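**Student:** My questions concern the predicted model and sequence given below.
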Amino acid sequence: MINVEQLIFEYPNLRALDEVSFHIPQGSITALVGPNGAGKTTLLRCMAALEQPVSGEIRIDGIDVLEHPRECHRIIGYLSDFFGLYDRLTVRQCLHYVARAQGIADEHCEDAIARVSNGLYINDRLDVLAGTLSRGLRQRVAIAQAIIHSPRVVLLDEPASGLDPEARHELAELFLELQKQGMTLLVSSHILAELEAYSTDMLVLREGRIIEQVAIKTATHTQDFKLTLATPVDNLVALLQSIDTLTVLKTEHNQSALLQIQGNSQQQHETLKNLLAHNLPICEFAKITNNLQDAYLETMRQRP
Amino acid sequence: MNLNPEFQRQLQLEFSSARLVGVPLILGVIFTLTYILDDQTSHQTNITAQTALSLFLLMVSFWGARQAVDSVLDEQRSHTWDTQRLSALDPWTMVCGKLFGSTLVVWYGCVICLLVYSFMAQNTGNLFWVLSYAITSGLLVQNLSLLLSLCALRKGKINSNSVIIGLAILGALTIGSFIMPLSQASDSLQHTPATWYGVNTTVQFLTLIGVCLALFWCVVGNYRLMAQELRIRTLPWVWLAFAIFLIVYIGGFIAPNQFGEYFYSIAFGICLTLSYLIVFAEHHEPMRIKRLFTYIAQENWLRGAEELPLWCVTFILAGLLAVPLSFSHPADIEELHIYPVSILLLLLRDIGIFLFFSYGKNPQRAFSLTLLWLVLLYGVLPGIFTAADLKGMAALFFPLVADNMIISIVCMGVQIALIWYFLYQRWQESV
């Protein structure tokens, strides 16, 4: 869906994006993460054809963004980190304007407004002036504006900043709903816990370079497990290695181990049976959730 | 109804019911007062008509320019510009929506003023001309304000309202100085003859046509700048067309028997003036030149032409005109020799100085620093050396005082080599 090749963007005396290349599959929700100043906003702005890079190529749904920026504008929705609203207009007027500006015919605007306002739980605020809304509600109106024309790709720069936990949860649900509708989302955020709720992929950017692109929720059935024994077992490593269905990642003091088990739940059950058959004093056998924060920090540690 | 969305939004913002009632109410009070004053004074004066015209000028320039400027710069200030840039609106819809939507409330008041003037004017002989000038000039001032605000937006000067509105008021005063006497005087001006390419007409008619043409080019300029803001790729042919239009249009005012003698000089002067204007108006970012060089290296000529600074277009045109002009030996002005190639090189030097400051750490000051340097190079240094009877040294800085064209070109060559070397160094540091 999105292909970026050798993208270079420079500010005076600073290369903000340095030969950035990646691919984002259709229907995914990709978390764009990285420290401050990594180039996340610049990358999103280049992809939205708001900034012109020095060289490189960006293709969104087959459209060459640098050659045909206006065509790209029609298929994307973009939420800037410093978004603004028309404070002197009501929420309905704001949404109506954006809907019309995005080419939706006047007679279909009300349907579009109803659809996005229901999705973002702002249908009771439609006749309120945008300038009087709280930070969280403004954020929701801005997101509604970005998706009112049902774009194929949605680029969101820090969409959850300023939202309360409940609103973040609703936002995560909305993103999953948009994904179900076939949209591809690229979301930049600092709040990794929030991204974890909906992201399928993670793109790590540091100093203008992509240092990692990983699939977080994959279809493969490899799963990490933590094994803890009530008492140490001398030949634990050898014993574990003798079991075919698992891989030993790490052991500690012959009493605990980090294991990787291939296959589905049935195979996991078989592995546990196998472990018990070896008379191991198991007191804990728990699935380890591979959280986004750990993955991110691991990436940062591995690539200083 | 599928109204222009930008026009509709501007109406929602600007055409409030308070203004709908308030504008005619305030104007009504003012005109009632002037009507009473008219009744009490002699019939020689017409305070109501003059007030109506003055109020029109004030509203169309001050209020109209402010509305036009805010319709663009407010978007950037309130962070809504990206939403507009990403919309499906085309540049024409945007320009019309912003211009007419934001100023409709102004024109609502202006139409009242013009109606009052039409009913109260004693001299109705010039009514058509007064109304034509008023309306076209008003539109011109507002279009020009929008154009300047789009330029300011590109340069990142989003707090330029006061400067632009100041310029608009200056424009309105100029219009006023033309319209006000016309509204009072008899119709003598109608008979002032004028010729354009041998066509006999009147000054009044030519002025009106001139204002209309200026309005047309302003609209074209707005369209182009808006297109660039919306990331529509543009080639610099409109700037070339504008330069050629100006040469042809102004050339029409040269007396037929002097046409051959002055045409090239005037065309050359127009290209120089336009080059100076555009170099100061354009936004100069070092990365644009880097992109230009990248595209040239890739032999991507189309993209290269899109990145070409507009001053290059009129500079090349001036260069083409300088050649025939050099052979026609233009007359000297007192002690100054008119060497077209040297003048062209002076332009190149000045552009180099401006770009040098534009690529510096504080590009906002580029214009004032360049002016300072130009005062030194054109006035102070040559003045000191001339006073000290060192004409050769004076020629080094201002080569038009040199008695030999080759020497003057060499002097300019030295300056340009030095300035463009420093410019190249600074550009390299920036990218």
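**Tutor:** Now that the structure is in, tell me what you want to look at. Numbering: from 1, shown residues only, chains lettered A, B, ... in the order given.
**Student:** which non-adjacent residue is nearest B:Ala394?
**Tutor:** Nearest residue to B:Ala394, sequence neighbours excluded (C-beta to C-beta, 6 or more residues apart in numbering or on different chains): B:Phe385, at 3.9 Å. (C-beta placed from N, C-alpha, C; glycine too.)
**Student:** For B:Ser149, list the residues it contacts.
**Tutor:** B:Ser149 is in contact with B:68-69, B:71-73, B:160, B:164, counting by C-beta atoms under 8 Å, 6 or more residues apart in numbering or on different chains.
**Student:** How about chain B: which residue is closest to chain A?
**Tutor:** B:His79 (3.1 Å; C-beta to the nearest C-beta).
**Student:** who touches that residue in this structure?
**Tutor:** Contact analysis of B:His79 by C-beta under 8 Å, 6+ apart lists A:80, A:82-84.
**Student:** May I have the phi/psi pair for it?
**Tutor:** phi 60, psi 30 (degrees, to the nearest 10).
**Student:** just A:Ser21 next, same as before
**Tutor:** phi -140, psi 130.
**Student:** ok so, going back, just confirm the residue nearest to B:Ala394 contacts B:Lys391, I think it does.
**Tutor:** Yes - the criterion here is C-beta atoms under 8 Å, and B:Phe385 meets it with B:Lys391 at 7.3 Å.
**Student:** of these two, who's got more company?
**Tutor:** Between B:Phe385 and B:Lys391, counted using other C-beta atoms under 10 Å in any protein chain shown, B:Phe385 has the larger neighbour count: 19 against 15.
**Student:** which SSE is the more buried one in?
**Tutor:** Using DSSP states H and E, B:Phe385 sits within helix B:381-387.
**Student:** got it, and A:Thr251?
**Tutor:** strand A:246-252.
**Student:** same thing with B:Ser137?
**Tutor:** If you go by DSSP H and E, B:Ser137 is part of helix B:127-154.
**Student:** The following helix or strand past that helix versus helix B:127-154: what angle between them?
**Tutor:** Per DSSP H and E, the first helix or strand lying C-terminal to helix B:127-154 is helix B:161-184. In terms of direction (axes from the mean of the first three to the mean of the last three C-alpha atoms, to 10 degrees), helix B:161-184 departs from helix B:127-154 by 170 degrees.
**Student:** Give the pairing partners of the following helix or strand past helix B:161-184; include direction for each.
**Tutor:** Once helix B:161-184 ends, the next helix or strand along the chain (criterion: DSSP H and E) is strand B:193-196. Strand B:193-196 has these partner strands in its sheet, going by DSSP bridges: strand B:199-202 (antiparallel).
**Student:** give the contact list for A:Val204.
**Tutor:** Counting by C-beta under 8 Å, 6+ apart, A:Val204 has contacts A:33-34, A:210-214, A:296, A:299-300.
**Student:** tell me which of the residues you listed is nearest to B:Asp39?
**Tutor:** Of all the contacts of A:Val204, A:Gly34 has the smallest distance to B:Asp39: 76.6 Å, by C-beta to C-beta.
**Student:** Surely A:Met202 forms part of a strand?
**Tutor:** Yes - membership of A:Met202 in a strand is supported by DSSP: H, G, I helix; E, B strand; the rest coil.
**Student:** Which parts of the stretch 151-300 of chain A are helices?
**Tutor:** A:165-180, A:192-196, A:236-241, A:265-277, A:292-302 (DSSP state H, counting those that start in this stretch).
**Student:** follow-up on the earlier one: skipping adjacent residues, who's closest to the residue of chain B closest to chain A in space?
**Tutor:** A:Gly84 (3.1 Å).
**Student:** can I assume that neighbour is in contact with B:Thr80?
**Tutor:** Yes - between A:Gly84 and B:Thr80 there is a contact at 4.2 Å, judged by C-beta under 8 Å.
**Student:** who has more neighbours, these two?
**Tutor:** B:Thr80 (22 against 19).
**Student:** that older thread, which one among the contacts of B:His79 gets closest to B:Val401?
**Tutor:** Nearest to B:Val401 among those is A:Phe82, at 54.2 Å by C-beta to C-beta.
**Student:** What are the neighbouring residues in contact with the closest one?
**Tutor:** Taking C-beta under 8 Å, 6+ apart as the criterion, A:Phe82 is in contact with B:His79.
**Student:** and if you look at A:Phe175?
**Tutor:** Counting by C-beta under 8 Å, 6+ apart, A:Phe175 makes contact with A:29, A:185, A:187, A:198.
**Student:** filter those down to the ones near chain B?
**Tutor:** Among the contacts of A:Phe175, not one lies near chain B by C-beta under 8 Å from any C-beta of the partner chain.
**Student:** Format those residues as CSV; extra columns: neighbour count.
**Tutor:** As requested, these are exported to CSV (neighbours: other C-beta atoms under 10 Å in any protein chain shown):
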residue, neighbour count
A:Ile29, 25
A:Leu185, 24
A:Val187, 25
A:Tyr198, 21
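**Student:** which one of the residues you listed sits closest to A:Ala286?
**Tutor:** A:Tyr198 (24.2 Å).
**Student:** Looks like B:Phe354 contacts B:Arg365 (just checking).
**Tutor:** No - using C-beta under 8 Å, B:Phe354 makes no contact with B:Arg365, being 11.3 Å away.
**Student:** So for those two, which sits in the more crowded spot?
**Tutor:** More crowded of B:Phe354 and B:Arg365, by other C-beta under 10 Å: B:Phe354, with 23 against 13.
**Student:** Got the phi and psi for that one?
**Tutor:** phi -60, psi -40.
**Student:** got a pLDDT number for the closest residue to chain B within the stretch 201-304 of chain A?
**Tutor:** Closest contact between the stretch 201-304 of chain A and chain B, by C-beta to the nearest C-beta, is at A:Gly208 (14.6 Å). What the model reports as pLDDT for A:Gly208 is 88.
**Student:** I'd say it and A:Arg15 touch.
**Tutor:** Yes - in this structure, A:Gly208 is within contact of A:Arg15 by C-beta under 8 Å, at 5.6 Å.
**Student:** that older thread, any idea how far A:Asp81 is from the residue of chain B closest to chain A?
**Tutor:** 10 Å (C-beta to C-beta, to the nearest Å).
**Student:** Return the residues of the stretch 51-200 of chain B in contact with chain A.
**Tutor:** B:78-80, B:82-89.
**Student:** mind redoing it with 7 Å?
**Tutor:** Contacts of the stretch 51-200 of chain B with chain A, taken as C-beta under 7 Å from any C-beta of the partner chain, map to B:78-80, B:82-83, B:85-89.
**Student:** from the chain's centre, how far out does the helix holding B:Ser137 sit?
**Tutor:** Centre-to-centre, helix B:127-154 and its host chain are 11 Å apart (C-alpha atoms, centre = their mean, to the nearest Å).
**Student:** Same check on stretch A:261-274?
**Tutor:** Per C-alpha atoms, centre = their mean, the centroid offset for stretch A:261-274 relative to its chain is 30 Å.
**Student:** Show me which residues of that stretch are buried.
**Tutor:** For stretch A:261-274, the neighbour count (16 or more other C-beta atoms under 10 Å in any protein chain shown) marks A:261, A:263, A:268, A:271-272 as buried.
**Student:** hang on, the earlier thing: could you verify that the residue nearest to B:His79 is part of a strand?
**Tutor:** No - applying three-state DSSP, one finds A:Gly84 to be coil, outside a strand.
**Student:** For it, which residues are in contact?
**Tutor:** A:Gly84 makes contacts with B:78-80, as judged by C-beta atoms under 7 Å, 6 or more residues apart in numbering or on different chains.
**Student:** and chain B, what are its domains?
**Tutor:** Listed by automatic domain parsing, the domain ranges of chain B are B:1-232, B:233-330, B:336-431.
**Student:** Including mean pLDDT, could those domains go into a markdown table?
**Tutor:** Putting those into a markdown table (pLDDT from 0 to 100) gives the following:
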| stretch | mean pLDDT |
| --- | --- |
| domain B:1-232 | 87 |
| domain B:233-330 | 90 |
| domain B:336-431 | 87 |
